[in-house]
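> just to be clear, the model below is a prediction. Sequence and coordinates:
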Amino acid sequence: MSRIGKNPVEIPQGVQIDMAGQTLTAKGRNGTLSLVVSNEVDATIADGSVTIAPKDESTRARAMWGTTRALVNNMVIGVSTGFTRNLEINGVGYRAAVQGSNLNLQLGYSHDIVYPIPSDVKIACERPTAIAITGADRQRVGQIAAEIRAFRPPEPYKGKGIKYADETIRRKEGKKK
């Protein structure tokens, strides 16, 4: 029995969910997201919630049960409130700035890195050392945050680089005399 899959997904005010064939579509104030539901599970919309149930007792069906429920929950949260991933930049002279539809990063290389901002997410820099990535699709926000972090991952000796705001860097001791 899936402990995640058996819980129904509550539909908040302002979110509309439609089921057309195997496609589940969620509309809200942050846009529209859709999900193709797997053949191994059934999705039903009833009295303000979405319920996912496996079609049989196979291992794959039980695995897709909890996965599909989590994806539907992320869709509902995404179109209603959205997701945000915060990045921090540490290092002397390291900074970021949004210029038009590009994110300009100065990360200690001989050149600036220009990252084009996709249309489905918003990137804001409150400070030159803080980046906030916001969007409706949780997977897309996390992917873009990982791509930006990959330009200069944090190093273990001084902690210089781009890290997630909630990430802790394991620091190493430098060489001894």
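Yep, that arrived. Numbers count the residues shown, from 1 in each chain.

> which strand residues bridge residue 24?
Applying DSSP bridges to residue 24 gives these bridge partners: residue 19, residue 35.

> shift numbering so it begins at 587
OK, 587 is where the count begins now, so the last one is residue 610.

> list the residues that contact it.
603-604, 620-623, 629, 636, 658, 661 (Cβ atoms under 8 Å, 6 or more residues apart in numbering). (Glycine included, C-beta is placed from N, CA and C.)

> how about residue 700, secondary structure?
strand (DSSP: H, G, I helix; E, B strand; the rest coil).

> related to what we said a few turns ago, out of the contacts of residue 610, who's nearest residue 709?
residue 661 (21.7 Å; Cβ to Cβ).

> what's the distance between whichever helix in the chain runs longest and the middle of its chain?
Counting by DSSP state H, the longest helix found in the chain is helix 645-666. Remark: helix 645-666 is offset 14 Å from the chain centroid, using Cα atoms, centre = their mean, to the nearest Å.

> mean confidence for that helix?
For helix 645-666, mean pLDDT rounds to 89.

> tell me what that helix is packed against?
Counting contacts by 3 or more Cβ pairs under 8 Å, 6 or more residues apart in numbering; DSSP states H and E, helix 645-666 is packed against strand 595-596, strand 609-614, strand 617-622, strand 627-632, strand 635-640, helix 724-736.

> buried set for it?
Using 16 or more other Cβ atoms under 10 Å as the test for burial, helix 645-666 gives 647-655, 657-666.

> same check, this time on stretch 629-648
By 16+ other Cβ under 10 Å, the buried positions in stretch 629-648 come out as 629, 636-638, 640, 647-648.

> ok, now how distant is the residue positioned nearest the centre of the chain from residue 755?
In the chain, the residue lying closest to the centroid (Cα atoms, centre = their mean) is residue 724, at 3.0 Å. To residue 755, residue 724 is 24 Å away according to Cβ to Cβ, to the nearest Å.

> now swap in residue 713 and tell me
Relative to residue 755, and taking Cβ to Cβ, residue 713 is found at 19 Å.

> list the residues that contact residue 720.
Counting by Cβ under 8 Å, 6+ apart, the residues that residue 720 touches are 668-670, 707-710, 727.

> bridge partners for it, pull those for me.
For residue 720, the beta-bridge partners under DSSP bridges are residue 670, residue 708.

> report pLDDT for it.
Predicted confidence (pLDDT) at residue 720: the value is 93.

> kindly report the same for residue 690.
92.
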